[in-house]
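Here is a sequence together with a model predicted from it:
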Amino acid sequence: MTDIRTEFDGFIAGEYDVVVVGAGHAGCEAALASARLGMKTAIFTLNLDSIANMPCNPNIGGTAKGQLVREIDALGGQMGLSADATFIQSRILNRAKGPAVYSLRAQIDRRAYQQHMKHVLESQENLDLKQAEVTEILASEDKKVRGIRVRTGTIYLAKAVILTTGTYLNGRIIIGSTSYSSGPDGLFPANMLSDSLASLAIELMRFKTGTPARVNRRSIDFSKMEEQPGDTEITPFSFMNGEITRDQVSCYLIHTNEETHRIIRENLHRSPLYGGEIKGIGPRYCPSIEDKVVRFSDRESHQVFIEPMGLNTEEMYVQGMSTSMPEDVQIKMYKTLPGLENVSIMRPAYAIEYDCINPTQLKLSLEFKEIDGLFAAGQINGSSGYEEAAAQGIMAGINAALKLKGREPLILDRSQAYIGVLIDDLVTKGTNEPYRMMTSRAEYRLWLRQDNADIRLTPIGREIGLVSDERYARFLKKQEAIEAEMKRLKDTLVSPGDEINRFLACHGSSGIKTGIRLYDLLKRPEIEYEYLKEIGLGAELPREVIEQVCISIKYEGYLAKQMKQIEQFRRMEERKLPDDIDYNSISGLSSEARQKLDKHRPESLGQASRISGVSPSDISVLLVYLESRKRKGAKTDKD
């Protein structure tokens, strides 16, 4: 057998179980998960000072993204803990729409977050940090990962490699008619690794994203803006944190106007987006301001948020004004905004194009189907956003470690987590634009709430070894408190009387003529748990416990219905499709279904049903085929 140390030319500087390429949000979670699961791990970055960088918006969470962060935390990840340590404003979004879509969003002190995450990585046992440009993925002739090579020619051997390259692959910055090779935030790009991936027959795509200008706080007139303070009661991202009290910094809301739109329309011929200079496909759900003005021409204005970048900087982020317009146009249109008439731009807005992969080349474990031991996570998989990246990162880190331990991969399905929805969408359906997580993508979002992420996922994290004793003990204590209070509410009977009926009338609820359980009283939409304390029937419990109790009671019927839907879904997911199945030999399948199934090689009947071009009739044919194969197998066993 060939000695791996002599398989490639070059100085071998070290051997690792897992090498992570890139130290953005995906890379940090991947490296920490791998190291915490006992793997000797190294993480490589072009610049150690850019670890966990936020080159775009200085916030974490938001609609559906907040759910992802809490799921990462529930599994034993880091993003939520670092966000809680460094946020400067916290808000729950969608409060008026019900708990299924509540989403936590926090404004982050960008530099403090980077420093916090960097120190976590530096302090992690089994983890080495390396500043170097990875230029080549080393693989054997039979396509098994062997390690990586960096720009100096030095080799690091590895049993598994995780690609988390963000927007650095062949990165190109575009501002008006000017374009140049660069990573985000003026950092170096990774211009050689794409060729290595192509040599491994990995299909690459070209995507584009962008970011607005950063402006100086001293040049802003906040008196013309609507202040947006944080919530009085702060909800932490991490289930490890109780109630947090902290002075918060405000954001500010303004709107574009007709003058803003006029300047944009008159300069569309200078926009690289419309002039053809930008070839990459941009995000549909986070368009540039010029794209919004064109696509929504009937709108008189668009929201713009002025957000602080941190406590120790005067930089402010102009959320909603992403653009690739020339710098002179940028200055003109920014100065039309209320309060920005005298604005000083510190960093101009820009677009960035970058290489990414077609994610349908991956298994649900995020390992490449054709390259043993090579994983990918984050924006390289066609997604957008820090939270989507971190969610993929923790799963790739977990599965790389489990693979090396000889264990089955951890696959979260669509009924278990937003993480499952995210990965299934990317791997099964693919994407032709930067993918963004939204609550509407989750069929079972009443169950996949941010408040119960620990209930759904902490036992799983514990089973794989990522949840610490401290976290698990805290989880069990919370579960015991929830169960005890649910039992108390079911066992406590309230008798009719003047006092209780006055209480109910005070809160817009009808009186009672017979005894009623507290459990049933709380089912009434107008009765909140806190009201019970007015008449001495409420308990002093942590807010997170009360929240779980109330949601479980008030949405009991809806949750029961959703769990039945989940049971049906799981039956389809449990029907596994054999690896050796020859779709071309199955009569009754449409030609398109044969082609798509053969290309994607779905792992289950449920996954097959979500592939574009595979119809319900094709699924019926597969069901018949599986039953036939099962009978033949049983007959063979008897013989």
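Done, it's in.

Could you report the neighbour count for Gly515?
10 (other CB atoms under 10 Å). Every C-beta, even on glycine, is put in place using the N, C-alpha and C of the backbone.

right, and it touches Ser495 too?
Yes. Shown here, Gly515 and Ser495 form a contact pair, counting by CB atoms under 8 Å, at 5.3 Å.

wait, Thr80 sits on Met117?
Just so we're on the same page, residue 80 is Gly rather than Thr. No. Using CB under 8 Å, Gly80 is not in contact with Met117; the gap is 11.8 Å.

Which one of those two is surrounded by more residues?
The residue with more neighbours, out of Gly80 and Met117, is Gly80; 28 against 25, by other CB under 10 Å.

which residues touch the helix or strand harbouring the more buried one?
Per DSSP states H and E: Gly80 is located in helix 79-86. Helix 79-86 is touched from outside by 25, 28-29, 52, 60-61, 69-70, 72-73, 106, 108-109, 112-113, 116-117, 120, 236-241, 244, 386-387, 390, with contacts defined as CB atoms under 8 Å, 6 or more residues apart in numbering.

Counting by contacts, list what whichever helix or strand comes after that helix packs against.
Going down the chain from helix 79-86, the next helix or strand is strand 87-93, by DSSP H and E. Contacts defined by 3 or more CB pairs under 8 Å, 6 or more residues apart in numbering; DSSP states H and E place strand 87-93 against strand 103-108.

Tell me the first helix or strand C-terminal of the strand it packs on.
Next element after strand 103-108 (DSSP H and E): helix 110-123.

what's the distance between Gln464 and Leu412?
Rather than Gln, residue 464 is Ile. From Ile464 over to Leu412 the distance is 11 Å, taken as CB to CB, to the nearest Å.

Which one of these two is surrounded by more residues?
Neighbour totals were compared for Ile464 and Leu412, and Leu412 leads with 23 against 18 (other CB under 10 Å).

That one contacts Gln392, doesn't it?
No. The pair Leu412 and Gln392 does not pass the contact test of CB under 8 Å, sitting 11.2 Å apart.

who touches stretch 7-19?
Applying CB under 8 Å, 6+ apart, the set of residues contacting stretch 7-19 from outside is 5, 31, 34, 39-44, 128, 138, 140, 146-149, 153-162, 397, 400-401, 404.

if you set the cut-off to 7 Å instead, what comes out?
Residues from elsewhere that reach stretch 7-19 (CB atoms under 7 Å, 6 or more residues apart in numbering): 5, 34, 39-42, 44, 138, 140, 146-149, 153-162, 400-401, 404.

and those, which are buried?
If you count burial by 16 or more other CB atoms under 10 Å, the buried members of those come out as 34, 39-42, 44, 138, 146-149, 155-162, 400-401, 404.

These in strands, which ones?
If you go by DSSP state E, the buried ones among the contacts of stretch 7-19 have 41-42, 44, 138, 146-149, 155-162 in strands.

Go through those residues and name the one nearest Ser609.
Minimum distance to Ser609 across those is 29.3 Å, recorded for Ile162 (CB to CB).

ok, now how distant is that closest one from Ile202?
Taking CB to CB, one finds Ile162 at 14 Å from Ile202.

From Lys599, how far off is the closest residue to Ala201 other than its chain neighbours?
Nearest residue to Ala201 in three dimensions, chain neighbours excluded: Glu370, at 7.0 Å (CB to CB, 6 or more residues apart in numbering). Plainly put, Glu370 is 12 Å away from Lys599 if you go by CB to CB.

now swap in Ser384 and tell me
Distance from Ser384 to Lys599, by CB to CB: 25 Å.

Mind checking which of those two has more residues around it?
When Ser384 and Lys599 are compared for neighbours, Ser384 comes out ahead with 24 against 12, by other CB under 10 Å.

Need phi/psi at that one.
Dihedral angles of Ser384 (phi, psi; degrees, to the nearest 10) stand at phi -130, psi 160.

contacting residues around it?
Listed by CB under 7 Å, 6+ apart, the contact partners of Ser384 are Thr209, Pro283, Cys286, Pro434, Tyr435, Arg436.

Could you report the pLDDT at the closest residue to it other than its chain neighbours?
Closest residue to Ser384 apart from its sequence neighbours, by CB to CB, 6+ apart: Pro434 at 3.8 Å. At Pro434, the pLDDT value in this model is 93.

Quick check: Gln78 touching Glu29?
Yes. At 6.3 Å, Gln78 counts as touching Glu29 under the criterion of CB atoms under 7 Å.

Okay, now stretch 572-584: how far is its last residue from its first?
Using CA to CA, to the nearest Å, one end of stretch 572-584 lies 22 Å from the other.

what sits up against it?
Applying CB under 7 Å, 6+ apart, the contact partners of stretch 572-584 are 413, 589, 594, 597-598, 602-606, 608-609, 626.
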